[in-house]
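[1] Show me the folded form of this:
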Amino acid sequence: MKTIHTNRYRRVINLIVAARKRAKLTQEDVGTRLGRSQSHVASIESGGRRLDIVELVDLCAIVKLDPVEVIKEVISTPES
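    Numbers count the residues shown, from 1 in each chain. Okay, here's the model as predicted:
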């Protein structure tokens, strides 16, 4: 079974967390905007839950990241 804790996936999460903090949003703020709980966001950020593409786009909109730029960053990150 393949792990979700690859360098590429961790890079996506790190970008989202950094953007969330720059925007001065808590996990609870993000959860509310997603219509989810704080624990749902915490699970994503800790790597316990893998994002699908729709959640990625929604999270990027909330934290003001361009999802295309996030994907470009992932492409340039070596796999593990």
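[2] quick one: which helix or strand includes the closest residue to residue 15 other than its chain neighbours?
    Leaving aside its sequence neighbours, residue 15 sits nearest to residue 70 (CB to CB, 6 or more residues apart in numbering; 5.6 Å). Yep, even glycine has a C-beta here, placed from its N, CA and C like the rest. Using DSSP states H and E, residue 70 sits within helix 67-75.
[3] Okay, now the unreliable bits of this structure?
    Flagging of the chain using pLDDT under 70 yields the residue ranges 1-4, 80.
[4] Not counting the longest helix seen in it itself, show me its contacts.
    If you go by DSSP state H, the chain has its longest helix at helix 7-22. For helix 7-22, contacts defined as CB atoms under 8 Å, 6 or more residues apart in numbering pick out 27, 30, 44-45, 47, 50-51, 56, 59-60, 62-65, 70, 73-74, 77-80.
[5] same thing but at 6 Å, please
    Contacts to helix 7-22, defined as CB atoms under 6 Å, 6 or more residues apart in numbering, come from residues 45, 59, 63, 65, 70, 74, 77-80.
[6] what angle sits between it and helix 67-75?
    In terms of direction (axes from the mean of the first three to the mean of the last three CA atoms, to 10 degrees), helix 7-22 departs from helix 67-75 by 140 degrees.
[7] Give the next helix or strand downstream of helix 7-22.
    helix 27-34.
[8] what about that next one, distance to the chain center?
    Put simply, helix 27-34 sits 12 Å off its chain's centre (CA atoms, centre = their mean, to the nearest Å).
[9] number of nearby residues for the residue nearest to residue 15?
    For residue 70, the count of nearby residues is 19 (other CB atoms under 10 Å).
[10] what's the answer for residue 65, then?
    Residues within reach of residue 65, counting by other CB under 10 Å, total 22.
[11] Assign it to helix, strand or coil.
    At residue 65 the chain is in coil, as set by DSSP: H, G, I helix; E, B strand; the rest coil.
[12] Now it: phi and psi?
    Dihedral pair for residue 65: phi -110, psi 150, per degrees, to the nearest 10.
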